[in-house]
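Chemist: kindly return the folded structure for what I paste below:
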Amino acid sequence: MTNVIKKGGKKQAFSPAKLKNSIIKAAKDAKLSMAKANQLVKDVAEPAIALIKKKRVVRVADIRKSILGRLDRKAKSVSNAWRRFEKQKKCK
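Modeler: All right, here's what the predicted structure looks like:
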């Protein structure tokens, strides 16, 4: 099982569903169709999840960097939507 080290140092079990849902929500925010969002999950999330599952421990910052890098190459509007959400979340 893979554990994720959160920003505050807390450990949590890795959840592929959380990662997939984050991409789908960002794709919706970027006004992509559900079919394109699902394809993006397949192209971006699934390869990252396969790599993450091979590790025992991974930092959330490393997951973020990997996913945003892949999104930047595949769908810049979705990576921008993800970053906007993070920025709004920090302001609250």
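Chemist: show me where the protein dips below the pLDDT cut-off.
Modeler: Counting by pLDDT under 70, the chain contains low-confidence ranges at 92.
Chemist: which SS class is V58?
Modeler: When classified by DSSP: H, G, I helix; E, B strand; the rest coil, V58 comes out as strand.
Chemist: go on, the one 3 residues further on?
Modeler: Here A61 is helix, with the state taken from three-state DSSP.
Chemist: residues touching it, list them.
Modeler: Under the criterion of CB atoms under 8 Å, 6 or more residues apart in numbering, the contact list for A61 reads K7. Yep, even glycine has a C-beta here, placed from its N, CA and C like the rest.
Chemist: please report how far it lies from K6.
Modeler: Applying CB to CB, to the nearest Å, one obtains 10 Å for the distance of A61 from K6.
Chemist: with S66 instead?
Modeler: When CB to CB is the yardstick, S66 and K6 sit 16 Å from each other.
Chemist: give me the more crowded residue out of those two.
Modeler: Each of S66 and K6 has its neighbours counted (other CB atoms under 10 Å); S66 has more, 17 against 12.
Chemist: that one contacts A50, doesn't it?
Modeler: No: between S66 and A50 there is no contact, the gap being 11.5 Å when judged by CB atoms under 8 Å.
Chemist: okay, now S33: neighbour count?
Modeler: The number of residues packed near S33 is 10, by other CB under 10 Å.
Chemist: quick one, what contacts it?
Modeler: Per CB under 8 Å, 6+ apart, neighbours of S33: none.
Chemist: equivalent analysis for P16, please.
Modeler: The neighbourhood of P16, defined by CB under 8 Å, 6+ apart, consists of 45, 49, 53.
Chemist: what of A45?
Modeler: When contacts are counted by CB under 8 Å, 6+ apart, A45 is found next to 16, 19-20, 23, 67.
Chemist: out of those residues, who's the most crowded?
Modeler: I23 (25 neighbours).
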